[in-house]
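In: output the structure for:
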Amino acid sequence: MKKQNARTRFLAVAVALGMLTSPASRVLAIQDSEDMPSPIGIAFGQTLYLNVCNTGSGDPILVEMMILDDDGTALDRARQLVLPGHTESLVLNRDHIPGREESRVLTRAVVISLGGPDTRNLVISQEVVDNETQRTMILHPGISKGFNPQPDPPGVR
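Out: Coordinates of the predicted model:
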């Protein structure tokens with residue numbers, strides 16, 4: 001039994017050393033084309049802007065933008081053609097959502113590209129603006145479609 005435990009430990013150490021000393025292989029971390037921003041809440045006196053930008057120089061991209069509540073019910077939706085180098089927004093004012101007793105509504109954004117285009121150039125962000133001052137209170141940073149945070153190591157292509 002002692003011989004088997006010693007072998008097991010030796011193999012574990014050998015594998016760990018091999019992992020530490022071997023060169024890193026290429027890692028491909030591509031964001032799913034349907035990734036969306038995190039949920040965000042809005043209260044009375046606030047407006048939520050769902051922004052979609054086409055940073056490319058090629059074709060326009062037709063998108064369906066939706067703002068859903070925490071139950072998945074659409075609070076607002078629109079189809080927009082986002083031209084290269086342009087941004088389109090879907091605007092939802094909390095004061096205009098009927099039938100809600102609570103002051104804060106939890107929302108989540110959904111953006112779907114229609115027609116199967118290349119979505120690498122889509123950037124999605126959310127912004128919460130104070131209705132009275134028109135100041136941005138929260139800006140949820142943009143998510144670049146197809147962003148690869150792990151570039152190829154030098155010399156690998």
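
In: is the closest residue to residue 40 other than its chain neighbours bridged to anything, and to what?
Out: Once flanking residues are discounted, residue 40 sits nearest to residue 126: 5.5 Å by C-beta to C-beta, 6 or more residues apart in numbering. C-beta here means a position set from N, CA and C on the backbone, and glycine is covered the same way. Residue 126 has these beta-bridge partners by DSSP bridges: residue 50, residue 140.

In: now do the contacts for residue 86.
Out: 53, 54 (C-beta atoms under 8 Å, 6 or more residues apart in numbering).

In: okay, now the unreliable bits of the protein?
Out: Filtered on pLDDT under 70, the chain yields the residue ranges 1-36, 142-157.

In: got the residue ranges for the helices in it?
Out: Ranges of helices in the chain, per DSSP state H, are 2-21.

In: and the strands in it, which stretches?
Out: Using DSSP state E, the strands of the chain run over 40-42, 46-54, 61-69, 74-82, 86-93, 105-114, 122-130, 136-144.

In: what comes up buried for the longest one?
Out: What that stands for is strand 105-114. 105, 107, 108, 109, 110, 111, 113 (16 or more other C-beta atoms under 10 Å).

In: ok, back up a step: looking at the strands of the chain, which is buried most?
Out: When you average the neighbours per residue for each of those (mean count of other C-beta atoms under 10 Å), strand 46-54 leads with a mean of 22.
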